[in-house]
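*Asks:* pasted the sequence and its predicted model underneath.
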Amino acid sequence: MLDKIRKMLGVKDLPEEVTPLYRGARNEREALVLLKEARRRDESRRRRAMADLEELDRAEEELLEEGKSETISESRKLMLARRIKEIRWKMQELNNRIENIYNKRLKVLNEHVASLETILELTSEALPDKKTMEDMAIKAKQLLEDLEKTKELAEGIALAPETAQPDDEEKEILREMERPVAEAEPEPVREKTVEKKEEVRPVKEKERKTEAPTREKEPPEIMFEE
């Protein structure tokens, strides 16, 4: 069947996204049904992933706002930062899944559905009955689940163990939580002017009496009688 599909589509190799579907089909009609079922499932999964992204984005905003509160403790802030980091990892994983799995696979499926529809329009081959289509839908579901499990194992994302201290990403989130605090201008210090009354102490000048130097009296002359 794969060789027939290659010849019909004029290609040498088939993408891995559709190879299991072609291998599980007995003819082109069954292959078309399997491709459409695979496309429907991927579109549904992409919608769910995008809805999950919106929920995670809202949760991240709420946690950031809580982290900006000045009333919570530092340990609570660190716990919020680690939760935000987990949310961002999950958002990154979902974005990668949407871009590298769903979008990529849907593009391939759309191309092959359009090609097979064009080819089958040129033939008069009848469509399979309802029971056959249901069986092929179940088969497509199983094939897609097996394919997705294989991709998940190959792309497994190893989460880093939490450490006691915040890592660089957590530190960056903690910085996001810090609100810029407007510096308040210091109030001018009012100096109380204390009027110091100069105490005028009356200085009493002691009158110093200048004592005149006393002259010692000369001893009286002794008169000697002759």
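*Replies:* Arrived safely.
*Asks:* for residue 6, give me its contacts.
*Replies:* Neighbouring residues of residue 6 by C-beta atoms under 8 Å, 6 or more residues apart in numbering: 12, 13, 14. Backbone N, C-alpha and C define where each C-beta goes, glycine included.
*Asks:* how deep is residue 56 tucked in, by neighbour count?
*Replies:* Residue 56 has 16 neighbours, counted by other C-beta atoms under 10 Å.
*Asks:* heading C-terminal from whichever strand or helix holds it, find the next helix or strand.
*Replies:* For residue 56, the enclosing helix or strand under DSSP states H and E is helix 28-67. For helix 28-67, the following helix or strand on the C-terminal side (DSSP H and E) is helix 74-97.
*Asks:* helices or strands up against that next one?
*Replies:* When contacts are defined as 3 or more C-beta pairs under 8 Å, 6 or more residues apart in numbering; DSSP states H and E, helix 74-97 sits against helix 28-67, helix 168-177.
*Asks:* buried residues in it?
*Replies:* Buried residues in helix 74-97, counting neighbours by 16 or more other C-beta atoms under 10 Å, are found at 77-78, 80-85, 87, 90-91, 94, 97.
*Asks:* what does it contact?
*Replies:* By C-beta under 8 Å, 6+ apart, helix 74-97 touches 49, 52-53, 56-57, 59-60, 63-64, 66-67, 72, 157, 159, 162, 166, 169-171, 173-174, 177.
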